[in-house]
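Enquirer: okay, structure incoming, though there's no sequence with it:
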């Protein structure tokens, strides 16, 4: 099965909205053996919408359209699709009843702009949107299906999960398998040289991709084939991933594309231990990442964001003399921050960061991007100085990742 | 001027990477009077790359291509473009010298995979990449220019900023102007009804768009026209934005698309006051947002992430009896958290959050999504209970936004 995604919304072309819907759709479709071949983002103009539909090759099985189904005047997709399919709108009382129920749960009543959302194209199948007023609309044209959904991510996801992904799974005739290894701290070209022999020996239909991001390289091994051969394909990709894992040893983590914060959560739960954070340059970003995981309250006690030196002293018992002599961005201070938060918040593990995110605050000895990270745990103490580049956003993001990875390494000894 | 963006990378189609490059490009080009008409994301397959180039209409002035220029085997863009333009690779000693310098600054030397990155197509202009090994390549075909850049965001941005945006600015013959109003806490359809008369009176070439996101609606007023008429267009859009601002009054903030954390920073700097945070359900996310702003150390002292009740008592002096009687997610507790952090961290302002992000932890009286937020400042005390829905990620994100907005309102009295 092959699919194309069309996202409608001038806000995407203007860069006001980052298209995260397509990434979610790409992941889910892939799991159902449906390959996304192209994503096209266009404006809310009727001609652009029609041209995009005309440009889809006949061989595509699913066309997933998002955006332009809201209650306001700038939402034109339903009208344009009606024209495109020579369709007409019909009022659906059951859809209006759903809209009323939805509003009632928020203590509201539908207004004049919500009623037309229950008018839907006669020849389209309604794919219910349990959490919103704009319903999914599905047209069929030969083997090709065209689905229109709202652009609000959680409504789009709900329509897919309730009404579309189950169908795709039932029709699945191909498998697309992937294995991931994540390598932290080794530059992409050095890694590629180290893997040269392994990569040369890789046999079709196995493929390898390098996905670099700040401080990380993700390696993706992929294989595709008929669903009937799933077991053989699975054996092949598993063996391949295993041999790469052996080659990279401790430098690689996680065979799945699982975020570090989830791996850390699993390790802490397994060990029955707790965690706290003491953050300066990462400003709460590590704690935010840790607490993004459902169930993190089982192991995460809390953290101190110690931006000012006074807070480092008062809340983390950092020695004022060390702040004076070595500066806030130094090994003694970051180690005391980790030890201090661990002691004050009474946790088994702690992680601390102190660095110069920039753009100002750098010196010759400690230029912008200098970051100290420390991890403290039962019988464990680790600290390291990093140079994270010059861009504030990247310094913070790389520090968060390096900190989480150092914690993962400490926890997995 | 009209542009199209083509992003190359199977990782985008698989949903492993969210395409944030296109959003950045869309914003920058718009500022230069260049309108992005379509964004197409395709796989690393040579046929897909060639087909995407063939599909660009002749009227497009700029084709911006990102991705596939890395040092590894899966990076095919340069080879494919060479074939497409019947071009051949030539070794550029000055580019290799730049690569060597770049590596030296990181204490490394280029390896065998980096040398070919100095081989570039003979008929393309080299657009230097000051921060990376993959250079920009610019082909010209009549009025149409085709630029190939690496997909690593900060390298792509640097190439654009150094070599391309200045040219676009110099050639600018059209202006695309936008004004933004952000409304927090009013549902989109209610807002549209309230604005109905205003919207009906809106005259061409002015246009309005509603951009809903969790808890917010951004309103965008746009106008486009010849650069020679810039003053008249500017007067028109300013008057329009002003009348809408009058209509919406206190419910709308910010005439630019400036993040709340930047507005808060400006307000605190202007007042010469300081801030701290006490976060439970937002887990450090508010502090991380505040400290993402360059110069935030001037007003942000620090924060306490008090996930466990013990931390709320020990670090924020929350009364244990109130925790017992009212629970952690309650008005007395969140007010004490704000007051406690303000006192302990000695700041003028404080913001506190306590809520049930889910998926577990809800009850009938306090279902998942119940969030209390408090703001405390000089002679100012505010607190409010919100229902933020059921999805953990959305509850956290909406709570961060509602908290930042409440703080902004307190600071702008």
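Expert: Looks like it arrived, so ask away. Worth saying up front: this structure is predicted, and the values here are computed from it rather than measured.
Enquirer: just the element for the residue of chain A most remote from its centre, please.
Expert: Using CA atoms, centre = their mean, the residue of chain A lying farthest from its centre is residue A:321. It sits 42.4 Å away. Element membership for residue A:321 (DSSP states H and E) is helix A:320-326.
Enquirer: so for that helix, mean pLDDT?
Expert: Computed over helix A:320-326, the mean pLDDT rounds to 96.
Enquirer: and for stretch A:378-390?
Expert: Across stretch A:378-390, the average pLDDT comes to 92.
Enquirer: which helices and strands does the lowest-mean-pLDDT helix or strand in chain A pack with?
Expert: The helix or strand with the lowest mean pLDDT-type score in chain A, counting by mean pLDDT, DSSP states H and E, is strand A:252-253 (a mean of 79). Secondary-structure packing of strand A:252-253 (3 or more CB pairs under 8 Å, 6 or more residues apart in numbering or on different chains; DSSP states H and E): strand A:174-184. (C-beta placed from N, C-alpha, C; glycine too.)
Enquirer: right, is the following helix or strand past the strand it packs on up against chain B?
Expert: Next in sequence after strand A:174-184, counting helices and strands by DSSP H and E, comes helix A:188-194. Yes: under the criterion of CB under 8 Å from any CB of the partner chain, chain B is reached by helix A:188-194 at A:188-190, A:192-193.
Enquirer: will you turn those into a markdown table that also has neighbour count and pLDDT?
Expert: Shown next, in a markdown table, are the residues of helix A:188-194 next to chain B (neighbours: other CB atoms under 10 Å in any protein chain shown; pLDDT from 0 to 100):
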| residue | neighbour count | pLDDT |
| --- | --- | --- |
| A:188 | 22 | 88 |
| A:189 | 23 | 88 |
| A:190 | 16 | 90 |
| A:192 | 24 | 92 |
| A:193 | 17 | 92 |
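Enquirer: and the contacts of the least confident helix or strand of chain A?
Expert: For strand A:252-253, contacts defined as CB atoms under 8 Å, 6 or more residues apart in numbering or on different chains pick out A:181-184, A:219, A:244-245, A:263, A:405, A:408.
Enquirer: ok, stretch A:142-157 next?
Expert: In contact with stretch A:142-157 (CB under 8 Å, 6+ apart) are residues A:7-9, A:20-21, A:24-25, A:53, A:58, A:60-70, A:77-78, A:81, A:124, A:127, A:129, A:131-132, A:134, A:136-140, A:159-160, A:164, B:212, B:391, B:394.
Enquirer: among the residues you listed, which are in strands?
Expert: Mapping those onto strands (DSSP state E) picks out A:7-8, A:62-66, A:127, A:136-140, B:212.
Enquirer: out of those residues, which is nearest to residue A:301?
Expert: Using CB to CB, residue B:212 comes nearest to residue A:301 of the ones in strands among the contacts of stretch A:142-157, at 36.2 Å.
Enquirer: list the contacts of the closest one.
Expert: A:70, A:152, B:188, B:218.
Enquirer: now the helix or strand following the least confident helix or strand of chain A: buried residues?
Expert: Using DSSP H and E, the next helix or strand after strand A:252-253 towards the C-terminus is helix A:260-271. Going by neighbour count (16 or more other CB atoms under 10 Å in any protein chain shown), the buried part of helix A:260-271 is A:260-265, A:267-268.
Enquirer: so which elements touch helix A:260-271?
Expert: helix A:285-291, helix A:392-411.
Enquirer: mean confidence for the helix or strand following it?
Expert: As assigned by DSSP H and E, the chain's next helix or strand after helix A:260-271 is strand A:275-279. Average pLDDT, strand A:275-279: 98.
Enquirer: then stretch A:113-124?
Expert: Mean pLDDT, computed over stretch A:113-124, is 94.
Enquirer: on that earlier part again, with distance to residue A:364 and pLDDT added, can I get the buried residues of helix A:260-271 in CSV?
Expert: Supplementary listing: the buried residues of helix A:260-271 in CSV, determined by distance: CB to CB, whole Å; pLDDT from 0 to 100:
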residue, distance to residue A:364, pLDDT
A:260, 33, 89
A:261, 35, 95
A:262, 40, 94
A:263, 38, 92
A:264, 36, 96
A:265, 40, 97
A:267, 39, 96
A:268, 40, 97
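Enquirer: residue B:308: which of the ones in strands among the contacts of stretch A:142-157 is nearest?
Expert: Among the ones in strands among the contacts of stretch A:142-157, residue B:212 lies closest to residue B:308 (CB to CB), at 35.1 Å.
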